[in-house]
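[1] With the sequence up front, the predicted model follows.
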Amino acid sequence: KAGVTQTPRYLIKTRGQQVTLSCSPISGHRSVSWYQQTPGQGLQFLFEYFSETQRNKGNFPGRFSGRQFSNSRSEMNVSTLELGDSALYLCASSFDRDYNEQFFGPGTRLTVL
Amino acid sequence: DAKTTQPTSMDCAEGRAANLPCNHSTISGNEYVYWYRQIHSQGPQYIIHGLKNNETNEMASLIITEDRKSSTLILPHATLRDTAVYYCIVRASNTGNQFYFGTGTSLTVIP
């Protein structure tokens, strides 16, 4: 079956703009988590969605938000972009909340100029 | 926050076993040990997990010490495609799908 898909794969924005990233989980998976990866901070947990509700949130400012739709697809939004938001944004899906294996997508590479 | 300590980098000869250590001295009784790896420019990939018993699957073996304060991931016959960053993670059950990845070990398999 198809894996986790993320769109777009690459994105260039300027400071102050906002951006929306999309994630389609594996069919049947209900939990979607988002991570930010930068060379300096590594992989950091952003938030987790399950049944259209945010279940966990990492230590990120309110400019980072997300949502999940009834078909489990998820979007994350970053408003008022800063240079430091340049990163690889990874989405992971799993069948359930405490499922042991998460399946990661290829990520969206965001560059903020 | 990451609760694990791993060496920054390791080398392994192709065809030999790669043994990747991880210290998790503050692990709680309900926390599992997970291993993921990330090959350059790809998303992380699940390898294996365990609670207190040793575990083996088609990819690797996980050896957890009796006191559970450390563990070792073993790739029995490393290939060039195993070159990646390996993350050791501890996570309690019933806490949802948030994983704290830490800095990981960069494994280079040498021909």
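    Thanks, I have the structure now.

[2] Can you name the residues bridging to whichever residue of chain A sits closest to chain B?
    Residue nearest to chain B within chain A (C-beta to the nearest C-beta): A:Phe104, separated by 2.9 Å. Backbone N, C-alpha and C define where each C-beta goes, glycine included. Note on A:Phe104: beta-bridge partners A:Ala92, judged by DSSP bridges.

[3] Then B:Gln45?
    With DSSP bridges as the criterion, B:Gln45 is bridged to B:Arg37.

[4] Then A:Thr38?
    Residues in a beta bridge with A:Thr38, per DSSP bridges, are A:Gly42.

[5] Quick test: name the residue nearest the centre of chain B.
    The centroid of chain B falls nearest to B:Trp35 when counting by C-alpha atoms, centre = their mean (3.5 Å).

[6] Now do the same contact list for that one.
    Applying C-beta atoms under 8 Å, 6 or more residues apart in numbering or on different chains to B:Trp35 gives the contacts B:20, B:22, B:46-49, B:60, B:62, B:73, B:86-89.

[7] ok, A:Gln18 touching A:Glu82?
    No: applying C-beta atoms under 8 Å, one finds A:Gln18 not in contact with A:Glu82, separated by 11.5 Å.

[8] now the helices for chain A?
    Counting by DSSP state H, one finds no helices in chain A.

[9] Beta-bridge partners for the residue nearest the centre of it, please?
    Central residue of chain A (C-alpha atoms, centre = their mean): A:Trp34, 3.4 Å from the mean position. Here A:Trp34 sits in beta bridges with A:Phe47, A:Cys91, going by DSSP bridges.

[10] Tell me the pLDDT of it.
    On pLDDT, A:Trp34 comes in at 96.
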